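Trainee: Fold the following, please.
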Amino acid sequence: MKKIIYTLAFASVLLSCKTAQTSSTTVNPEVNVSIDLNNIKDDKVMVTLLPTPTNLDMVTFSIPKTVPGTYSTDNYGKYIENVKAFDAKGNELVLTKIDENSWKITNAKKLQKVTYWVNDTFDTETGGGDFGGGDVFSPAGTNISPENFMLNTHGFVGYFSDKLEVPYTTTISHAATLFGATSMTDTDASNTQDVFKSYRYADLVEHPIMYSKPDYTTFKVDDMEILISLYSPNGTYKVADIAPAMENMMRAQKKFLGAINSTKKYAVLLYLSDMKKADAKGFGALEHPTSTTVVMPEMMPKEAMAEQLKDVVSHEFFHIVTPLGVHSKEIQYFDFNAPKMSKHLWMYEGVTEYFANLFQVNQGLISEEDFYNRMSDKISQAAAMNDTIPFTTMSANVLDKPYKDQYLNVYQKGALIGMCLDIIIRENSNGERGILDLMQKLTNEYGVTKPFNDDELFDKIVSFTYPEVKTFLETYVSGPTPIPYDKYFAKVGVTQSKRKIPGNVFLKGQVPYITVNQETKEIMVLPEIELPAFYAVLGIKNGDILKSVNGTNYNLDNIYDLIMLSQNWKENEAISVKIKRDGKESELKGTINLPYDEAEGLQATDASKSAIKNAWLKG
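Mentor: Numbering: from 1, shown residues only. Down below sits the predicted model:
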């Protein structure tokens, strides 16, 4: 998962009654699911499950509490209503709610079907979601509207306690005008019904589907088929706007990965949120073995959108290495309602995030300086977290405080752990091997269907590498000692330095220079606050009303558009601002003068280490 912090119509043939079966008849256990997207009532859709008969007197029906990749407790049962269980004659069976996500079904031997209504999550979001509570993280959420259905299947389909490992057949009825984008294969030829086969429940919930008016493209990268589907509610974006850059990026990723190839099809489901309505507010992406769901604000400028998608989608795509190809038993046999977490988030998320940055410098998409700056930023951001909590301890306990408050460090220190391991392996192999080689060996050892034991991973890694790797893992990953990054940068001839980074003219961190009059909706420069030079250079004063910028009028309704655009302003670009002062309007013209902050940086200074450095970044 990558989070951006910016601030069946009913199946046509029912299972026949089995009461007349002889004891010699064998029924292969399975679950048939029907989801009817044609019948929306109060923003909800009906789901029907038809399980094969059980020999148990009581079974439990559950909706997930937690799903893989989110590392949070979300309780999807909150969005399920009117759960009912029926026998073959249509009589209701006794059903008792156990907790927010589970129901006990008695007389289960008579059970033929379960029905319930599903509400979505997008239009209930308040913007207060995080990895430990509040809203469901949008890419893991759901949407129900005639124009778009985001079916993160864990939010729609539940499971029976006796049928977690049996096949699921999911039939979805939908309008002919909607296209269902997914990495699954539709086995039905109808344009109003899709049928998907999953070998077990965990396989089904790893395959999201997005239904919307067709706006998608497909292309091949080597032998992998890529599908990109886009939903833009106001038509601001088309898939043609983002597909060329995405294809270029994915070709670079596949070239970087080389022999690692865990899937033949990959889908990117991109949902753009309309920030002016009750809609998704958690931006980022959620990985699945063969796809990713991405949520971004539709108002984001194209340049910024391209940059965010490059970083976010590349991160999710690299999850085909881990946890798809390399993962523990905790992930292979994930318990959706009483999860036990793996100790190795440093690898699942950290190494993945490291690859998402390393491949860009490796393939010439960013410069060495850009890569160094990214790693410097991660060091600074990791320093703001608790650097003495062993990473393995945090990972194993990430659903609970105080550890869940440290989750975001998987993208900072987790990536830096990957970087240091890469450097150690490069140094000891004279540049011939790195962490990508290690992940290839681990993929060959384990793979998609063979999990490792959590406590045995470090020993396996050391067997493929060097004793120095064992020392690092025990000291800085499973131990409480902060990583001395200078020690590892020195191995590749890189030292820390100072650099200037551009800020935003409307915000300094979370402190704004502007406010909004709630009655008039006008944007005003805050009075009695020290302003950056941007304002004085243009002649803007404290208390001035900002009416328009570069010919576009702004107020409370579209202030976020202005903030988004300003993220991409460049030094000395021409700008015109219309202001109102003392009731009189005037237009001010000039150039943009950005504020700058000093931050830590990195630079290569030791030429004697250039061979190792080049192998690290370009090998």
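
Trainee: Give me the below-cutoff pLDDT ranges for the stretch 101-250 of the chain.
Mentor: 127-134 (pLDDT under 70).

Trainee: how about the helices of it, start to end?
Mentor: Ranges of helices in the stretch 101-250 of the chain, per DSSP state H, counting those that start in this stretch, are 201-204, 239-257.

Trainee: who wins for proximity to Phe472 among those?
Mentor: Ranking these by proximity to Phe472 (CB to CB) places helix 239-257 first, at 23.5 Å. No exception for glycine: its C-beta is placed from N, CA and C like everyone else's.

Trainee: Name the residues of that closest one that come out as buried.
Mentor: By neighbour count with 16 or more other CB atoms under 10 Å, helix 239-257 contains the buried residues 239, 242-243, 245-247, 249-254, 256-257.

Trainee: Switch the residues you listed over to JSON lines; also include distance to Asn428.
Mentor: JSON lines is the format used below for the buried residues of helix 239-257 (distance: CB to CB, whole Å):
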{"residue": "Val239", "distance to Asn428": "45"}
{"residue": "Ile242", "distance to Asn428": "41"}
{"residue": "Ala243", "distance to Asn428": "41"}
{"residue": "Ala245", "distance to Asn428": "37"}
{"residue": "Met246", "distance to Asn428": "36"}
{"residue": "Glu247", "distance to Asn428": "37"}
{"residue": "Met249", "distance to Asn428": "31"}
{"residue": "Met250", "distance to Asn428": "32"}
{"residue": "Arg251", "distance to Asn428": "31"}
{"residue": "Ala252", "distance to Asn428": "27"}
{"residue": "Gln253", "distance to Asn428": "26"}
{"residue": "Lys254", "distance to Asn428": "28"}
{"residue": "Phe256", "distance to Asn428": "22"}
{"residue": "Leu257", "distance to Asn428": "22"}
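
Trainee: and which of the residues you listed is nearest Gln510?
Mentor: Taking these together and measuring to Gln510 by CB to CB, the closest member is Ile242, at 29.4 Å.

Trainee: What separation is there between Leu56 and Ile612?
Mentor: Using CB to CB, to the nearest Å, Leu56 is found at 61 Å from Ile612.

Trainee: mind checking the longest strand of the protein?
Mentor: strand 31-41 (DSSP state E).

Trainee: burial measure for Leu399, as a count.
Mentor: 19 (other CB atoms under 10 Å).

Trainee: An error on my part: the question was meant for Ala267.
Mentor: Residues lying near Ala267 (other CB under 10 Å) number 24.

Trainee: right, and it touches Glu225 too?
Mentor: No: Ala267 is not in contact with Glu225 according to CB atoms under 8 Å; the separation is 9.1 Å.

Trainee: Flag the shaky bits of the protein, pLDDT-wise.
Mentor: The chain contains residues with pLDDT under 70 at 2-27, 127-134, 262.

Trainee: if we go to 80?
Mentor: 1-27, 126-134, 261-262, 510 (pLDDT under 80).

Trainee: how far away is Gly493 from Glu600?
Mentor: 18 Å.

Trainee: Leu56 and Ile612 - which one has more neighbours?
Mentor: When Leu56 and Ile612 are compared for neighbours, Ile612 comes out ahead with 20 against 14, by other CB under 10 Å.

Trainee: Who are the contact partners of that one?
Mentor: The contact partners of Ile612, by CB atoms under 8 Å, 6 or more residues apart in numbering, come to 423, 426-427, 430-431, 491-493.

Trainee: With Leu546 instead?
Mentor: Neighbour list for Leu546: 514, 522-525, 540, 554, 577-579 [criterion: CB under 8 Å, 6+ apart].

Trainee: now with 6 Å?
Mentor: Counting by CB atoms under 6 Å, 6 or more residues apart in numbering, Leu546 touches Ile523.

Trainee: Kindly report the same for Gly414.
Mentor: Contacts of Gly414 (CB under 6 Å, 6+ apart): 346, 349-350.

Trainee: Turn the helices of the stretch 101-250 of the chain into JSON lines, including distance to Met296.
Mentor: JSON lines is the format used below for these (distance: least, CB to CB, whole Å):
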{"stretch": "helix 201-204", "distance to Met296": "26"}
{"stretch": "helix 239-257", "distance to Met296": "10"}
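
Trainee: Quickly note the distance from Asn614 to Val494.
Mentor: Separation of Asn614 from Val494 (CB to CB): 12 Å.

Trainee: When the two are compared, which one has more neighbours?
Mentor: Of the pair Asn614 and Val494, Val494 is the one with more neighbours under other CB under 10 Å, namely 24 against 16.

Trainee: Residues in a beta bridge with the more buried one, which ones?
Mentor: Listed by DSSP bridges, the beta-bridge partners for Val494 are Ala604.

Trainee: wait, it sits on Thr605?
Mentor: No: in this structure Val494 lies outside contact range of Thr605 using CB atoms under 6 Å: 7.3 Å.

Trainee: returning to that earlier point: can I get the contacts of Gly414 in JSON lines including distance to Asp561?
Mentor: Formatted as JSON lines, the contacts of Gly414 follow (distance: CB to CB, whole Å):
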{"residue": "Trp346", "distance to Asp561": "38"}
{"residue": "Glu349", "distance to Asp561": "32"}
{"residue": "Gly350", "distance to Asp561": "34"}
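
Trainee: And the helices in the stretch 351-500 of the chain?
Mentor: In the stretch 351-500 of the chain, the segments counted as helices under DSSP H, counting those that start in this stretch are 352-362, 368-383, 391-396, 413-428, 435-445, 457-464, 467-472, 485-490.

Trainee: Can you name every helix or strand that the second one contacts?
Mentor: The contact analysis (3 or more CB pairs under 6 Å, 6 or more residues apart in numbering; DSSP states H and E) places helix 368-383 against helix 413-428, strand 596-604.

Trainee: Quick one: those as TSV, columns for distance to Leu399 too.
Mentor: TSV is the format used below for those (distance: least, CB to CB, whole Å):
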stretch	distance to Leu399
helix 413-428	17
strand 596-604	32
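
Trainee: Out of those, which is the most enclosed?
Mentor: Of all the helices and strands packed on helix 368-383, helix 413-428 carries the top mean neighbour count, a mean of 24, counting by mean count of other CB atoms under 10 Å.
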